[in-house]
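Undergrad: okay, sequence plus prediction incoming.
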Number of protein chains: 2
Amino acid sequence: MPPVPPKSKSNSAIAVEELRKLIFSGELPAGSDHLESELAVRLGMSRTPVREAALLLEGQGLLKVRARKGVRILPISIDDMIEIYDVLTELESMSAAKAADLRFGSEDLQTLEDTIAQMETALSDGDRDAWAAADDAFHTELVRLGGNSRVVSIVALMVDQVRRAKAVTLYMRPLPTQSNKDHRSVLDAIAAGDAKAAHDIHYAHRAAAKDVLINLLRQNRLHIL
Amino acid sequence: MPPVPPKSKSNSAIAVEELRKLIFSGELPAGSDHLESELAVRLGMSRTPVREAALLLEGQGLLKVRARKGVRILPISIDDMIEIYDVLTELESMSAAKAADLRFGSEDLQTLEDTIAQMETALSDGDRDAWAAADDAFHTELVRLGGNSRVVSIVALMVDQVRRAKAVTLYMRPLPTQSNKDHRSVLDAIAAGDAKAAHDIHYAHRAAAKDVLINLLRQNRLHIL
DNA sequence: GTATGCATTAATGTATACATTGTCAACGAC
DNA sequence: GTCGTTGACAATGTATACATTAATGCATAC
């Protein structure tokens, strides 16, 4: 028997997954419109689950359902990026401070440590994709350690919204060597139980990342993604 | 003709509104289960729009759709309240700081001023409901002035989730005289363009409000609402 | 030539019939 | 007596037919 018994997922759930893939891969480009019926054919199911998936993704800010015009994949403007990074800066810094207050032992911080190691390896290999994946994992683990499930959800939503834009700029920006030092400093502050340092270092880290990204987008006239 | 031409809203949108009303009024109590078909009959429409509304409200964290068990109105625990207040504290303080940086003139701050006046009036009248409404309006206006539309949305979501719990405690807590002083101090800091003061005062305000609420709930053994 | 209005039509919004699946209870075996 | 299996049922998940509505294009009048 299969290792994971096929475990039938609902078509609705499949539609959500598939649509997310299509959006993040760029097969459904930002700004493009798609009729429910087209998407239904494409995913091999009826309109109902596609419609439900679209409604869900609308709630997540990835697309907009427009009567008689199909769903529009939402583009991200520079202003959107600023908004999102401001939220991420705030909530991640808060998480870093809370994590420090929680006095985690080194085993609890192992995952965070691992993601940093992965980033360092990726950096010396010049493997930007691996670095981006590890960076993602670092930030996800950081907010998880913060212990606030709502912050975890909100951050995940925000990260999804900027996912495409980050992919575009990944190969445009200089190798993020400073970024790695920041990550380690944040970890050290959390391990030391120094909430204020963890907060402030991470805050500065995110603010710098935001500036780099925004300037990159402006310089390259990438006002919409 | 009517000032607002009847402007037919979709049943789906009506279902969302009605369900929200039913949840906030307590007619659908926290923790209770309701079949889609029951709700459909109750709202006088078919299952489809009810189902879509339920999916939307699930995304907003107000209820959970459970296969073959109906939708469950989500109760709020003390831990949930702590999570939510932590998010509110962070994002509202950030908004206060941004608002101060934006150097609004007194006309721009008029609405905020008005809500404070309403709170003062309500307080001297001992009208708790009016006070709560004005308090709500103050916080809403504050995040609006912060200029980050995502923060506005997130805060609205969080406020909705604690709405029932706040209603329960409204008549239990002492009259919030300190709260009003805080509000005015925040406004003054924003008007003066002092971002750090606006941030810190509001942060302390929210932290105090959280403590009052949590202690009230604990003392009254209201662990679930 | 332009503007207005009507008709067409295409797409969503809704209802409903049907398929699928998890739950519960009854029955039987151990 | 308890545990497991089976089957009926009930509620959701899905498909599809239909109603509604707004956009588009064409015709007609000015």
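TA: Sure thing, it's come through. Residues are numbered from 1 along each chain as shown, chains lettered A, B, ... in the order given.

Undergrad: residues of chain A that sit close to chain B?
TA: A:51-52, A:55-56, A:59-60, A:83-84, A:86-87, A:90-91, A:94, A:98, A:148-151, A:154, A:158 (C-beta under 8 Å from any C-beta of the partner chain). Every residue, glycine included, has its C-beta placed from N, CA and C.

Undergrad: from residue A:136, how far off is the most centrally placed residue in chain A?
TA: Centroid check for chain A by C-alpha atoms, centre = their mean gives residue A:159 as the closest residue, at 2.6 Å. Using C-beta to C-beta, to the nearest Å, one obtains 7 Å as the distance from residue A:159 to residue A:136.

Undergrad: please apply the same query to residue A:217.
TA: 19 Å.

Undergrad: enumerate the residues of chain A near DNA strand C.
TA: A:8, A:35-37, A:47-48, A:51, A:65, A:67-71 (C-beta under 7 Å from any atom of the strand).

Undergrad: of those, which are in range of DNA strand D?
TA: A:47, A:48, A:67, A:68, A:69.

Undergrad: distance to residue A:176, pLDDT and neighbour count added to the residues you listed, as TSV?
TA: Below are those laid out as TSV (distance: C-beta to C-beta, whole Å; pLDDT from 0 to 100; neighbours: other C-beta atoms under 10 Å in any protein chain shown):
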residue	distance to residue A:176	pLDDT	neighbour count
A:47	44	93	14
A:48	44	94	15
A:67	43	84	6
A:68	45	87	5
A:69	40	89	11
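
Undergrad: let me know the closest of the residues you listed to DNA strand D.
TA: Closest approach to DNA strand D among these (C-beta to the nearest atom of the strand): residue A:48, at 3.6 Å.

Undergrad: extract the C-alpha trace of stretch A:193-205 and format it as PDB.
TA: Extracted C-alpha coordinates of stretch A:193-205, given in PDB (Å, rounded to 0.1, in the frame of the first residue of the first chain):
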ATOM      1  CA  GLY A 193      17.300  36.300  26.800                       C
ATOM      2  CA  ASP A 194      17.900  39.900  25.800                       C
ATOM      3  CA  ALA A 195      14.500  40.900  24.500                       C
ATOM      4  CA  LYS A 196      15.300  44.500  23.700                       C
ATOM      5  CA  ALA A 197      18.400  43.600  21.700                       C
ATOM      6  CA  ALA A 198      16.600  40.900  19.800                       C
ATOM      7  CA  HIS A 199      13.800  43.400  19.000                       C
ATOM      8  CA  ASP A 200      16.000  46.200  18.000                       C
ATOM      9  CA  ILE A 201      18.500  44.200  15.900                       C
ATOM     10  CA  HIS A 202      15.700  42.500  14.000                       C
ATOM     11  CA  TYR A 203      13.900  45.700  13.500                       C
ATOM     12  CA  ALA A 204      17.000  47.300  12.000                       C
ATOM     13  CA  HIS A 205      17.500  44.200   9.900                       C
END
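
Undergrad: any idea of the mean pLDDT in that stretch?
TA: Averaging pLDDT along stretch A:193-205 gives 97.

Undergrad: can you pull the buried residues of it?
TA: Under the neighbour-count criterion of 16 or more other C-beta atoms under 10 Å in any protein chain shown, stretch A:193-205 has A:194, A:195, A:197, A:198, A:199, A:200, A:201, A:202, A:203, A:205 buried.

Undergrad: OK, contacts around the fourth one?
TA: Read that as residue A:198. A:93, A:96, A:97, A:99, A:100, A:186, A:189, A:190 (C-beta atoms under 8 Å, 6 or more residues apart in numbering or on different chains).

Undergrad: doesn't it lie inside a strand?
TA: No: read with DSSP: H, G, I helix; E, B strand; the rest coil, residue A:198 is helix and lies in no strand.

Undergrad: look up how far residue B:157 lies from it.
TA: Taken as C-beta to C-beta, the span from residue A:198 to residue B:157 is 27 Å.

Undergrad: repeat for residue A:122
TA: 35 Å.

Undergrad: these two: who's more crowded?
TA: Neighbour tally, residue A:122 and residue B:157, criterion other C-beta atoms under 10 Å in any protein chain shown: the higher count belongs to residue A:122, 21 against 17.

Undergrad: for the more buried one, give its distance to residue A:170.
TA: Residue A:122 sits 12 Å away from residue A:170, going by C-beta to C-beta.

Undergrad: any idea how far the nearest residue to residue A:18 once chain neighbours are set aside is from residue A:11?
TA: Of all residues not flanking residue A:18 in the chain, residue A:43 sits nearest, at 5.5 Å (C-beta to C-beta, 6 or more residues apart in numbering or on different chains). Separation of residue A:43 from residue A:11 (C-beta to C-beta): 8 Å.

Undergrad: how about residue A:61?
TA: Counting by C-beta to C-beta, the gap from residue A:61 to residue A:11 is 23 Å.

Undergrad: and the strands in chain A, which stretches?
TA: A:33-34, A:63-66, A:70-73 (DSSP state E).

Undergrad: nearest to residue A:106, out of those strands?
TA: Among the strands of chain A, the nearest to residue A:106 by C-beta to C-beta is strand A:63-66 (42.5 Å).

Undergrad: what pairs with the closest one, parallel or antiparallel?
TA: Looking at strand A:63-66 with DSSP bridges, its partner strands are strand A:70-73 (antiparallel).

Undergrad: alpha carbons only: can I get the partner strand in CSV?
TA: Provided in CSV are the C-alpha atoms of strand A:70-73 (Å, rounded to 0.1, in the frame of the first residue of the first chain):
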residue,chain,number,x,y,z
GLY,A,70,-13.2,36.9,-13.7
VAL,A,71,-10.7,36.8,-11.0
ARG,A,72,-7.8,39.2,-11.2
ILE,A,73,-4.4,38.2,-9.9
